[in-house]
Each structure stands twice: as structure tokens, then as C-alpha cells.
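Novice: this one's structure only:
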Ligand SMILES: Nc1ncnc2c1ncn2[C@@H]1O[C@H](COP(=O)(O)OP(=O)(O)OP(=O)(O)O)[C@@H](O)[C@H]1O
Ligand SMILES: Nc1nc2c(c(=O)[nH]1)N=C(CO)CN2
């Protein structure tokens, strides 16, 4: 059995509907769904705000590569077109952690290397797992304490479940 933490994001089209594609696509394995956050874009900053959320999923037979594949299938279902790195997208599904697995494979880096510096991941993750740990990097709460999370605003008017 594996348990994975997935970060989902959208800043193109009907953003909430795109996040719902992910939630619905993982419905059979969902353990928890975070609130939705409206977040200022990092990386490429001249693009629309994102909606971000975090899912926790668990399954008897899905391994880390299986979570990646399922996420990519859902990105495709949401009409994602591969474009420039960090550019706008209808749906992004990042595998943040899978248990304590560490991977240096470029196609599946674990934990996801952006995690320690992304308030857009840590804030929603901590909502649903207050004692979250990033393997090799320590507690998510301590990591978040060193970040500016001003651009991460909860949208209680938007619901995923
Ligand atoms: N933990 C991971 N989760 C999702 N994709 C990953 C992971 N590790 C490596 N990848 C690879 O990243 C590629 C997708 O990158 P993508 O274009 O979504 O990057 P990005 O979302 O723009 O940037 P970032 O990965 O920094 O969030 C895929 O080829 C995928 O195999
Ligand atoms: N706020 C925010 N900014 C981003 C995001 C994201 O999910 N949220 N994803 C990106 C590409 O992975 C690039 N920039």
C-alpha cells in the first residue's frame, strides 16, 4: 500500500472545474482534500493567479510511478497542452511525496524538489496533515515558517467536495 500527497493547480479556463477533474479522477482512493487557495504565480509571474489545493490518496496497488501516471492522465483529460516550463496550464498534478520514498529519476523526483520552498503546496497540505514531513527536509510547518505566504489566500467560497 502507498499513500501519496498530490499538489493540484490550475490557472487557465474554468480553474475550479479543472481541479475537480483531479478530485473526481482520484475519487476511489481519496483520503483527504484541502481547502482551495487562490495563489499568486511563482516562477513565471506574468500569468494569471492559480487555484491550488492538495490531495492525500492511498491505494493497495498503486506505486509512485502509478501516481505519476494517474496524475498525467488527468492532466490530459483536463485538456493540458505541454508548453513552457512554469507557464499557464489547465491542470497540473505534482506528486509531492509517496510515503518516505526518495527518487532521483528526472521523470519522478521524490519528494518533489519544489516542495520545501512552495507555500502554495505547504499551506494546503498542513490544513489536512498538520504534522506533515517532507522526507529529507523536516517538518512542513518549520519549512513554511521560513517562507512568505502572503500570496496564498484561502477561497472558502470554492469547494472541491
Ligand atoms: N514528483 C513529480 N511529480 C510530477 N512530475 C514530476 C515529478 N518529478 C518529475 N516530474 C516530471 O516533471 C515533468 C512535468 O513537468 P511540468 O512541465 O509539469 O513541470 P512544472 O509543473 O512546470 O514545474 P515543477 O515540476 O517545478 O512544478 C514530467 O516529465 C514529469 O515526469
Ligand atoms: N501560484 C502558483 N504558481 C505556479 C504554480 C502553481 O501551482 N501555483 N505552478 C507552476 C508550474 O508548476 C508555476 N507557477
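Specialist: The structure has been received and is ready for your questions. Note that the coordinates shown come from a computational prediction; the quantities given were computed from them, not determined experimentally. Ligands and ions are numbered 1, 2, ... in the order given.
Novice: partners of residue 108 in the sheet?
Specialist: According to DSSP bridges, the residues that bridge with residue 108 are residue 105.
Novice: Just give me the neighbour total for it.
Specialist: Residue 108: 16 surrounding residues under other Cβ atoms under 10 Å. Quick note: C-beta positions are derived from backbone N, CA and C, even for glycine.
Novice: Relative to ligand 1, how far out is it?
Specialist: In this structure, residue 108 lies at 5 Å from ligand 1, with Cβ to the nearest ligand atom, to the nearest Å as the measure.
Novice: thought that residue was touching residue 66?
Specialist: No. Residue 108 lies out of contact with residue 66 (Cβ atoms under 8 Å); the separation is 10.5 Å.
Novice: Tell me which helix or strand residue 5 sits in.
Specialist: Per DSSP states H and E: residue 5 is located in strand 2-10.
Novice: Only the buried residues of that strand, if you could.
Specialist: Burial within strand 2-10, assessed by neighbour count using 16 or more other Cβ atoms under 10 Å, is assigned to 2, 4-10.
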